[in-house]
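starting from these lines, generate the structure:
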Amino acid sequence: MEEWSFPVSYSEDYLPPSDSRYWFPERETMPAAKRELAILERLKQVCQYAWDLSPFYRRKWEEAGFHPSHLKTLEDFETRVPVVTKADLRASQTAHPPFGDYLCVPDSEIFHIHGTSGTTGRPTVFGIGRDDWRAVANAHARIMWAMGLRPGDIICIAAVFSLYMGSWGAMAGAERLRAKAFPFGAGAPGMSTRLAHWLQLMKPAAFYGTPSYAIHLAEVAREEKLNPRDFGLRCLFFSGEPGGSVPGVKDRIEEIYGAKVYDCGSMAEMTPFMNVAGTAQSGNGMLCWQDIVYTEVCDPETHRRVPYGERGTPIYTHLERTSQPMIRLISGDLTLWTNEETGCGRTYPNLPQGIFGRIDDMFTVRGENIYPSEIDAALNQLSSYGGEHRIVITRDAAMDELILRIEPNQHIHNAGDVALERFRAEAAHRLMTVLGVRAKVELVEPNSIPRTDFKARRVIDDREVFRSMNEKLQTSA
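You can find the predicted model right below:
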């Protein structure tokens, strides 16, 4: 396999021939069984490395009765190596700040520090070594190549440059690809208006951000009398939220920009986060780039692999990272995987519907399990949809109620009450068909729901408020 050693050492001068579909032809197209043999040998190396250098893994594995010498098959890895959770990582960093005792390189080798925002608890700190940063850049460049991007292309990075890993990983990949990195960023007031004009001026080949921001940006561009199709984009690639593989969302963005949409992204802890990503010829969905990050789709309870064609949660293992290697990190996301041929010729497992969302994001209304991405897809297939909505789950007496507050587009809003009522009824019918639950649809003013240039948060669950009020009433009675 091309240049595949551990620790990895890639030539900074290497680029495939410009007409090659593949960055590493052998690795990307070899029979899956042959690749799995190579992955097994790499897993032995990675596990021995972690055992020798990480008190975290040695402690966890000793408790589970596992030693790297036990690895004889991939099934051994799946059945004997315990999963790692985000709570495990936070506990390690609390006890051994700041990087935790799963850091496997000297502190002096840390090159980049990133992490979670910490808005829901203690932040998780990512310490990335210099060699790992080179490996991350190479992996991202390789996947961008598969999207059809080439040296000299302008790649606009429209995501927040902060602790968030997505923007930095995309820029590192663009630089390694020898592309023209255009790190516009996001988040500042008025930035979307400026970005629309910059895109009109620079005509980049690619745009990186979130699906919801790409839709918002198109709205801003039109307000500025600009046509998003005139930006000249060939592709948009996304991470951070579901949408890039959701047919209604994906199709809408492709229609708006006249460009191909690629879904990508796993977890920030797993950077290179594009280890699950689509390619120029693979159709909808995402490929699992197994020789970069080994992905198992598993039962959320047993952590055993589910057969191809079934749903489960991805569990990820680094095969190239050495600074904070993740070994069987459970994602908490939900997906479906297959092992069918794709048009690009790569022999990786694929997620034909992408990642549905976090299992924790799923909510249940009157016995039906609902994912926010399902609602997003349904609404984006309606021509009169204005681009934003809020999902409110509340309780009326003993019954859950699902309320959708939806923006119509300006044309329908101006067309009068009859047109608005027709759209409201159409939306209610579509949601009932897709979800199997009747939703109360309320139309709100166009552009009345705040937009975001980061991850869209659209679900408001008021049932806990109802429970709390009910308990207080019962107590006072």
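
where does the prediction get shaky in the stretch 351-477 of the chain?
Applying pLDDT under 70 to the stretch 351-477 of the chain flags the ranges 366-367, 395-399, 452-456, 462-477.

so which helix or strand of this protein has the lowest pLDDT on average?
Of all helical and strand segments in the chain, the minimum by mean pLDDT, DSSP states H and E falls on helix 463-476, at a mean of 45.

beyond the longest helix along the chain, next helix or strand please.
If you go by DSSP state H, the chain has its longest helix at helix 32-53. Scanning forward in sequence from helix 32-53 by DSSP states H and E, the next helix or strand is helix 55-64.

CA atoms only for that next one, dumped as CSV, please.
The C-alpha coordinates for helix 55-64 follow below in CSV (Å, rounded to 0.1, in the frame of the first residue of the first chain):
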residue,chain,number,x,y,z
PRO,A,55,-1.9,5.0,30.8
PHE,A,56,-5.5,5.6,29.8
TYR,A,57,-5.7,2.8,27.3
ARG,A,58,-3.6,0.4,29.4
ARG,A,59,-5.9,0.9,32.3
LYS,A,60,-9.1,0.6,30.3
TRP,A,61,-7.9,-2.5,28.5
GLU,A,62,-6.6,-4.2,31.6
GLU,A,63,-10.0,-3.8,33.2
ALA,A,64,-11.6,-5.4,30.0
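
run the angle between it and helix 32-53 for me.
Interaxial angle, helix 55-64 versus helix 32-53 (axes from the mean of the first three to the mean of the last three CA atoms, to 10 degrees): 110 degrees.

in the helix or strand following helix 55-64, what counts as buried?
Downstream of helix 55-64, the next assigned helix or strand under DSSP H and E is helix 74-80. Across helix 74-80, burial judged by 16 or more other CB atoms under 10 Å covers 74, 77. To be clear about C-beta, it is placed using only N, CA and C from the backbone, and glycine gets the same treatment.

and helix 74-80, what does it pack onto?
With contacts taken as 3 or more CB pairs under 8 Å, 6 or more residues apart in numbering; DSSP states H and E, helix 74-80 sits against helix 32-53.

got the contact list for the helix it packs on?
For helix 32-53, contacts defined as CB atoms under 8 Å, 6 or more residues apart in numbering pick out 1, 4, 6, 27, 57-58, 61, 67-68, 71, 73-74, 77, 81, 102, 104, 290-291, 294, 317-319, 322, 325, 327, 339, 347-349.

near the closest residue to residue 268 other than its chain neighbours, how many other residues are there?
Once flanking residues are discounted, residue 268 sits nearest to residue 165: 4.2 Å by CB to CB, 6 or more residues apart in numbering. Using other CB atoms under 10 Å, residue 165 is surrounded by 27 other residues.

same check on residue 27?
For residue 27, the neighbour count with other CB under 10 Å is 22.

longest strand of the chain?
Longest among the strand segments of the chain by residue count, using DSSP state E, is strand 385-396.

how far is stretch 257-270 from where the chain is centred?
6 Å (CA atoms, centre = their mean, to the nearest Å).

how about stretch 349-367?
With CA atoms, centre = their mean as the basis, stretch 349-367 stands 12 Å off its chain's centre.

export that stretch to CSV, keeping only CA atoms.
Extracted in CSV, the C-alpha atoms of stretch 349-367 (Å, rounded to 0.1, in the frame of the first residue of the first chain):
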residue,chain,number,x,y,z
PRO,A,349,-18.1,0.7,2.7
ASN,A,350,-20.5,3.5,2.1
LEU,A,351,-23.2,5.4,3.9
PRO,A,352,-25.8,5.9,1.1
GLN,A,353,-28.0,8.2,3.2
GLY,A,354,-25.1,9.9,5.1
ILE,A,355,-25.4,10.3,8.8
PHE,A,356,-28.9,10.8,10.0
GLY,A,357,-28.0,12.8,13.1
ARG,A,358,-27.1,12.1,16.7
ILE,A,359,-29.1,9.4,18.4
ASP,A,360,-29.5,11.9,21.3
ASP,A,361,-31.2,14.3,18.8
MET,A,362,-33.9,11.8,18.1
PHE,A,363,-37.2,12.6,19.8
THR,A,364,-40.3,10.5,20.3
VAL,A,365,-43.8,11.9,19.7
ARG,A,366,-46.8,9.7,20.3
GLY,A,367,-44.7,6.6,19.9
